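Visitor: please work out how this folds:
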Amino acid sequence: MSRHYGQMQQYSSNNFHDGKSAETRNLKRGEVSSGTTIMAIPFDGGVVLGADGRTSTGTYVANRVSDKIVALHDRIWCCRSGSAADTQALTDYVKHYLSQLCVETGRLPLVKVAASLMRKLCYENKDNLMAGVIVGGWDPVENGSVYNIPLGGTMIKMPFAIGGSGSTYIYGLVDSKFKEGMNKEEAETFVKEAIAHAMARDGSSGGIIRTVVVTEDGNKRGYVSGNELPYGPAGW
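Guide: Next up is the predicted model:
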């Protein structure tokens, strides 16, 4: 009886108490995860993108103020989740391709084109990558638009998109709070509240909230520090 119990303990410690989350368990040795909460929502005239600031390696927080919202072009941005190294490489490739396209055509690239390039790279290398991204921005054809590209490389145009480990905690919240036709202020408040709720529940999300508002007129970056979150320890 004691021998059997000892075997069960060994199995449990090797498989369930390794100190890693489901998202970080498949990382390579020394690889850093941006296990996270990312979100984007279009409004009439643009897009609001948001992300938390925590980058972790296992149970250790490597960076609590990291920037997971990356510019792909003048009016096109990308929210990154998964392996920090993989997503940084992907955004560098897409940024390069979009710059070449803009020079060759003499026109601003479309958000859909940027998302399609990201989808192609993610899908064709899905066995070697751990990357889930959201591409959003403004272009003269669709105005504000958001495309979700989860693990595996599927590309879906969405009325709003959430991703990362923290997104599983807020699906009910965003479904109940979302409404069509939000203005810029409503969309920005919605993104901040949703990410703050995810940060309060998800161990891989935390730190600060960064936002980017993209319109025809330009890009506006925002920042919410950890002691000013709309929900969580500072807001309870």
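
Visitor: when you work out contacts or count neighbours from here on, use the C-alpha atoms and nothing else.
Guide: Noted.

Visitor: residues touching A114, list them.
Guide: Shown in contact with A114 (CA atoms under 8 Å, 6 or more residues apart in numbering): 72, 76, 94, 98, 135.

Visitor: ok, it to D44 distance?
Guide: From A114 across to D44, the span is 20 Å (CA to CA, to the nearest Å).

Visitor: and for S167?
Guide: For S167, the distance to D44 (CA to CA) stands at 24 Å.

Visitor: more crowded one of these two?
Guide: Taking other CA atoms under 10 Å, S167 and D44 do not tie; S167 has more neighbours (23 against 15).

Visitor: which one is that one nearest to, not counting chain neighbours?
Guide: Among residues not flanking S167 along the chain, T37 sits closest, at 5.8 Å (CA to CA, 6 or more residues apart in numbering).

Visitor: for that neighbour, give me its contacts.
Guide: So T37 contacts 51-52, 81, 162-167, 195, 198-199, 205 (CA under 8 Å, 6+ apart).

Visitor: which ones among those lie within strands?
Guide: Under the assignment DSSP state E, the contacts of T37 contribute 51-52, 81, 162-163 to strands.

Visitor: can I get those residues in a markdown table with pLDDT?
Guide: Output for the ones in strands among the contacts of T37, formatted as a markdown table (pLDDT from 0 to 100):
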| residue | pLDDT |
| --- | --- |
| A51 | 97 |
| D52 | 95 |
| S81 | 94 |
| I162 | 97 |
| G163 | 95 |
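
Visitor: residue boundaries of the strands in the protein?
Guide: Going by DSSP E, the chain shows strands at 38-43, 46-52, 55-57, 60-63, 69-73, 76-82, 131-139, 143-149, 156-157, 161-163, 209-215, 218-224.

Visitor: least confident of those strands, on average?
Guide: Among those, strand 55-57 has the lowest mean pLDDT, at a mean of 83.

Visitor: for the nearest residue to V213 once chain neighbours are set aside, give me its contacts.
Guide: Nearest residue to V213 in three dimensions, chain neighbours excluded: V48, at 4.5 Å (CA to CA, 6+ apart). Applying CA under 8 Å, 6+ apart, we find V48 in contact with 40-42, 184, 187-188, 191, 211-214.

Visitor: pick the one among the contacts of T37 closest to E180.
Guide: Set against E180, the nearest of these by CA to CA is I162 (16.2 Å).

Visitor: report how many residues lie close to the closest one.
Guide: Neighbours around I162, by other CA under 10 Å: 28.

Visitor: what separates it from P140, distance-wise?
Guide: Using CA to CA, I162 is found at 24 Å from P140.

Visitor: C122 too?
Guide: Counting by CA to CA, the gap from C122 to P140 is 26 Å.

Visitor: same deal with R80?
Guide: Taken as CA to CA, the span from R80 to P140 is 25 Å.

Visitor: look at those two and report which has more neighbours.
Guide: The residue with more neighbours, out of R80 and P140, is R80; 30 against 12, by other CA under 10 Å.
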